[in-house]
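Colleague: quick check, what structure comes out for this input:
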Amino acid sequence: MKCKLLSLSLLLLSSTAIHAMPWSEQPKACPSLASLKSVGLGLAMDSGIAGWMVLPTSYPNNYDTEESWTFMMFIGKATDENDALTKAKERLGQFALYEGPSNKDGSDDYQCVYFNPNSQEAGFAMATTGYIPSALGLAAQYK
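Modeller: Numbers count the residues shown, from 1 in each chain. The predicted model follows:
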């Protein structure tokens with residue numbers, strides 16, 4: 001049951017991000033890696049399909065921008081939540097901004113993509129609306 005609720009929460013997260021309230025203008029910059037590291041990571045959830053999803057303990061954050069963002073990164077295999085958090089914290093320093101802020105689908109939903117060339121792992125910062133933190137909060141309740 002717990003796994004089904006988590007899967008449902010992840011589905012809800014991805015679907016609500018698509019229908020999130022639009023931004024009036026493109027964000028000027030993506031959160032820097034230094035600001036992502038300073039906020040830190042504190043929540044890990046096994047997605048069951050794509051490995052572990054790791055998030056900050058509190059979200060959304062402005063990091064070092066004017067906008068509010070929700071950051072998440074995906075890592076591959078981990079034995080449990082503690083292992084996923086340890087790996088994510090170690091690997092965050094190896095990430096580089098790959099692109100963004102962008103809205104490749106033509107919508108007003110902006111994201112920044114971070115990539116770790118050493119491990120092929122990705123991280124995303126999404127310009128946050130009320131829908132995204134609600135979905136993440138729902139997922140966190142069932143961890």
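
Colleague: only C-alpha atoms from now on, for both contacts and neighbour counts.
Modeller: Fine.

Colleague: what about Ile75, how many neighbours?
Modeller: Ile75 has 23 neighbouring residues, counting by other CA atoms under 10 Å.

Colleague: meant to ask about Tyr63, not that
Modeller: So Tyr63, with other CA under 10 Å, has 21 neighbours.

Colleague: model confidence score at the closest residue to it other than its chain neighbours, please.
Modeller: Excluding the flanking residues, the one nearest Tyr63 by CA to CA, 6 or more residues apart in numbering is Ser35, at 5.4 Å. We have a pLDDT of 95 for Ser35.

Colleague: and the pLDDT for the residue lying closest to Asn116 once chain neighbours are set aside?
Modeller: Spatial nearest neighbour of Asn116, excluding adjacent residues (CA to CA, 6+ apart): Phe95 at 4.4 Å. Here the pLDDT value assigned to Phe95 is 94.

Colleague: sounds good, over and out.
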